[in-house]
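# any chance you can model this:
(chains A and B)
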Protein chains: 2
Amino acid sequence: MEVVLSKVLKRIEPTLHEIHEAHKLFTKIKDIIVNDYPSLDVKLMGSVAKDTFISGDKDLDIFVLFDPKVSRVELEKTGLIIGKMIFDTLGGKFEVSYAEHPYTRGLIGKYDVEIVPAYAIKSTKQLLSSVDRTPFHTKYVHKNLKSTGDVRLLKKFLKGIGCYGSDLKTEGYSGYLCELLVIKYGSFLDTLKYMQTLKFQEIIDLDNHYTKKKYLDVRKRFEGHPLIFIDPTDKLRNVSAVLSKEKLAISINAAALFMNKPTMSFFFPVKKVIDEKRAIVNVKMRGVHVVVLRFSRPDEIEDILYPQLRRFMNLVAGKLSKEGYGILRASVFGDMNCGIVFELNELKLSPMKMKKGPSIFNPLDHRMRFIEKSKNVWIEDDRLVSDEKRKYVDVNDFLCSFLKKPANKLTYEGVPDRLAKEIYSGFDILVDSKVSKIKSGEFWLWIVRKAF
Amino acid sequence: MEVVLSKVLKRIEPTLHEIHEAHKLFTKIKDIIVNDYPSLDVKLMGSVAKDTFISGDKDLDIFVLFDPKVSRVELEKTGLIIGKMIFDTLGGKFEVSYAEHPYTRGLIGKYDVEIVPAYAIKSTKQLLSSVDRTPFHTKYVHKNLKSTGDVRLLKKFLKGIGCYGSDLKTEGYSGYLCELLVIKYGSFLDTLKYMQTLKFQEIIDLDNHYTKKKYLDVRKRFEGHPLIFIDPTDKLRNVSAVLSKEKLAISINAAALFMNKPTMSFFFPVKKVIDEKRAIVNVKMRGVHVVVLRFSRPDEIEDILYPQLRRFMNLVAGKLSKEGYGILRASVFGDMNCGIVFELNELKLSPMKMKKGPSIFNPLDHRMRFIEKSKNVWIEDDRLVSDEKRKYVDVNDFLCSFLKKPANKLTYEGVPDRLAKEIYSGFDILVDSKVSKIKSGEFWLWIVRKAF
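The predicted structure is shown next:
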């Protein structure tokens, strides 16, 4: 174990040169800003500030702090002007990104630099925007973190198993969450030891903001969040709000596997090379059917695309299963090709189906309405049942009947708007061996059933 | 409506001659018994005593009442001697039946006569055997029933829709229950009007033995009974204990249909003639599959056979659905051929199946055990999943593997004992068009989806 960890550490700890270089670039940027805006406070944030970044990472998060008396409009305007000035002066490309408010981000040399305007508040109770929390996070980590090496190990481990990142594609662990876990459990190994036995909706309350009596209320407040890590700087916030059940499950499982048999491959996974032909033969051998709905990838950032894909997948899954298809698994992909995919028990259903009517214990007029509408009614258990001819016997026909509609009609029926537009302009339904056409790493990993 | 009911009444009211004949036979039997056993009380029970029998019915229930001081052994011995004497003297064939204790029943002329020994108790609180209740039932009905014609209509109606009889094949309404319903609601029509709106686990407490506050306890006491009719002569007994949910549902539905459009056919249903070839074509057209497990009918009375068939059906249904088969409907038949039948979505399953393992939130050692046993483990939602090769892909092979065993092994696995013996000595599995070989009215009614 120790050998593995020290080998990993050697590869991921940044060199002194790297650290100096990053701080030098920050100082340069800060000087430029303060020169023009002497009243503003410029602070380094992110993993460079907390010294928890992994060697090779070139991210620089710079916060420009305004007096809370400055108006929001003023803050946004000045923030963008400052950003533009930095990238112009230092010769970088930039774009305007949006979190709660717009900010500039771009490349300066090898560095991915963000210039974020925020309010200099005294306490998170005065929050004017969610980014205002970041300085408190940095301060807290600075004060409490003892071992940055353990944070690096944890981040790299989670990255290796595909669970690092609080973006809405990954739905994994944020950097701040990693830092807090190590603060709480002391080391990488102790964090993993604990992680492997996590329970659903476990509450981790580092600074004891709540008594145990309040835990039921806390779980209600964060309903549906699979893990609840109370932000020590703001007890109303769950640091792991983005973490999905699937990514939590994968990390719990990987932690157990690693504790059982530690290898380097968790940190440095070999890129999977998938034999696509063999994968399809395998699908056939299983006797299941793969159905893919593919359409053009909308020109959207992942934080918007993936949540929409998942909502769309759930919508279609609901329709399929209500129709009578047995869904074994379902997923989405958006890395190259874009679409949703299902493993089904069958591609065709019976031409007739039993239409379930009201229970015999329902009000009389409900029942009579069902009886009057049906030709042949009988009783199963306590339900009225009748025969119904299926409109679509084939999954292809069924999906086409649902999706061949104008975009606004699709949106009305629950298809997320960016997808609705692409689907209206055309989609493929690929079944079984036809899926060989699909170009998407995510898709093929799912087909061969690999989590990491 | 009135026309229909009066027409029916005309056909089902016994003639004066019928009534006299029945009572004459009773008097004759009573005289013979009292002559030899002057200390015993001989009483007429059943629908003749209560004048609620339907013209043509030839049942005579005679109770021989013993002093409670007489021992049970003595009562049973003397009861059988008396019975034998009656059938010998009056020239009838008889057999010994068993309720809670043995009694004689047999034919005298056209009459089906039962001679039942029981204790002459003062109150149902002193019950020594469940048959001791009968005299109290008779007395209660005598005292409270105003219209015997309405009871006859109700009995005949329920007979017509297959819901009359508290035997364990029918699982329907007993004669006493019909009498109490008419006592409660006043007439046949008012009973049906009420019946069509019955709720699940409705409590009918004719003599207000319980306050409404106690209804929750009453429902707990009679858990699983779809209808609760408190016996006015014994508040601890549910008169409709035998009534199944299915038969209750059929009667509620028929009541509603009759109130909506009253016809004679509810009382005098035309015997269904089923075109078996067309029925099979119909099954095929639906796209479902019929699977029958047929074996020799054990030499058992229906009260034992049918409960065993139903238990067996549930056992096999559980196995099939756990294996992955989609069961649409299931039933039993024992009228000529004997067996159980399923409507399935498919006859074959995929060669591989997903084996669901523990949730990721289960204890670590559970999960590790699952992981160590499996070759390829991945995660779906919060469950560990692995691949498993199916042992039996075909429903025929699967059922054979379960059932081709010695009788004692079958019993050990939950097959009711009388059926286990027959199955061990041989069974057929008939699929789809092969079911044409089956001789059973019950089976074919089920195939064409007719309740009555």
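# checking A:Ile340 next. Helix, strand or coil?
strand (DSSP: H, G, I helix; E, B strand; the rest coil).
# oh sorry, the question was meant for A:Asp428
A:Asp428 - assigned by three-state DSSP - is strand.
# that one against A:Phe295, yeah?
Yes - A:Asp428 lies in contact with A:Phe295 (Cβ atoms under 8 Å); the separation is 7.4 Å. Placement of C-beta: from N, CA and C, glycine included.
# what about the strands in the stretch 101-250 of chain A?
A:102-108, A:111-119, A:202-204, A:227-231, A:234-238 (DSSP state E, counting those that start in this stretch).
# more neighbours, A:Asp428 and A:Phe295?
A side-by-side neighbour count of A:Asp428 and A:Phe295, using other Cβ atoms under 10 Å in any protein chain shown, places A:Phe295 first with 21 against 15.
# tell me the pLDDT of the more buried one.
For A:Phe295, the pLDDT comes out at 97.
# out of the helices and strands in chain A, which is least certain?
strand A:93-98 (a mean of 84; mean pLDDT, DSSP states H and E).
# among the strands of the stretch 101-250 of chain A, which is the most enclosed?
Ranked by mean neighbour count, the strands of the stretch 101-250 of chain A are led by strand A:227-231 with a mean of 24 (mean count of other Cβ atoms under 10 Å in any protein chain shown).
# note down every partner strand of it and its orientation.
In the sheet, strand A:227-231 lines up against strand A:202-204 (parallel), strand A:234-238 (antiparallel) (DSSP bridges).
# point out where chain A drops to low pLDDT.
Under the criterion pLDDT under 70, no range of chain A is flagged.
# dead centre of it: give me the residue that sits there.
Taking Cα atoms, centre = their mean, the centroid of chain A lies closest to A:Glu171, which sits 2.3 Å from it.
# roughly how far apart are that residue and B:Phe295?
55 Å (Cβ to Cβ, to the nearest Å).
# now the helix or strand in which A:Asp88 is found against strand A:111-119, angle please.
Following DSSP states H and E, one finds A:Asp88 within helix A:72-90. For helix A:72-90 against strand A:111-119, the angle by axes from the mean of the first three to the mean of the last three Cα atoms, to 10 degrees is 160 degrees.
# export helix A:72-90 as CSV, just CAs?
This file holds the C-alpha atoms of helix A:72-90, laid out as CSV (Å, rounded to 0.1, in the frame of the first residue of the first chain):
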residue,chain,number,x,y,z
ARG,A,72,-24.7,44.2,-9.3
VAL,A,73,-24.7,45.8,-12.8
GLU,A,74,-21.6,47.8,-12.0
LEU,A,75,-19.8,44.7,-10.7
GLU,A,76,-20.6,42.7,-13.8
LYS,A,77,-19.6,45.5,-16.1
THR,A,78,-16.3,46.3,-14.4
GLY,A,79,-15.6,42.6,-14.0
LEU,A,80,-15.8,42.0,-17.7
ILE,A,81,-13.7,45.1,-18.5
ILE,A,82,-11.0,43.9,-16.1
GLY,A,83,-11.0,40.4,-17.6
LYS,A,84,-10.8,41.7,-21.2
MET,A,85,-7.9,44.0,-20.2
ILE,A,86,-5.9,41.1,-18.6
PHE,A,87,-6.3,38.9,-21.6
ASP,A,88,-5.6,41.7,-24.0
THR,A,89,-2.5,42.8,-22.1
LEU,A,90,-1.0,39.3,-21.6
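# for that helix, buried residues please.
A:Leu75, A:Thr78, A:Gly79, A:Leu80, A:Ile82, A:Gly83, A:Met85, A:Ile86, A:Phe87, A:Leu90 (16 or more other Cβ atoms under 10 Å in any protein chain shown).
# quick check: the nearest residue to A:Phe452 once chain neighbours are set aside vs chain B, distance?
The shortest distance from A:Phe452 to any non-neighbouring residue, by Cβ to Cβ, 6 or more residues apart in numbering or on different chains, is to A:Ile161 (4.0 Å). A:Ile161 sits 11 Å away from chain B, going by Cβ to the nearest Cβ, to the nearest Å.
# now for A:Ile161, how many residues are close by?
Count around A:Ile161 with other Cβ under 10 Å applied: 21.
# tell me the spacing between it and A:Lys271.
With Cβ to Cβ as the criterion, A:Ile161 and A:Lys271 are 14 Å apart.
# circling back to that earlier point, I'd say the residue nearest to A:Phe452 and A:Phe267 touch.
No - with contact defined as Cβ under 8 Å, A:Ile161 does not reach A:Phe267; the gap is 9.1 Å.
# can you list the residues of the stretch 351-452 of chain A near chain B?
Remark: the part of the stretch 351-452 of chain A in contact with chain B comprises A:351-352, A:354, A:360-361, A:363-364, A:367-368, A:371, A:376, A:378-382, A:384, A:387, A:393, A:449-451, using Cβ under 8 Å from any Cβ of the partner chain.
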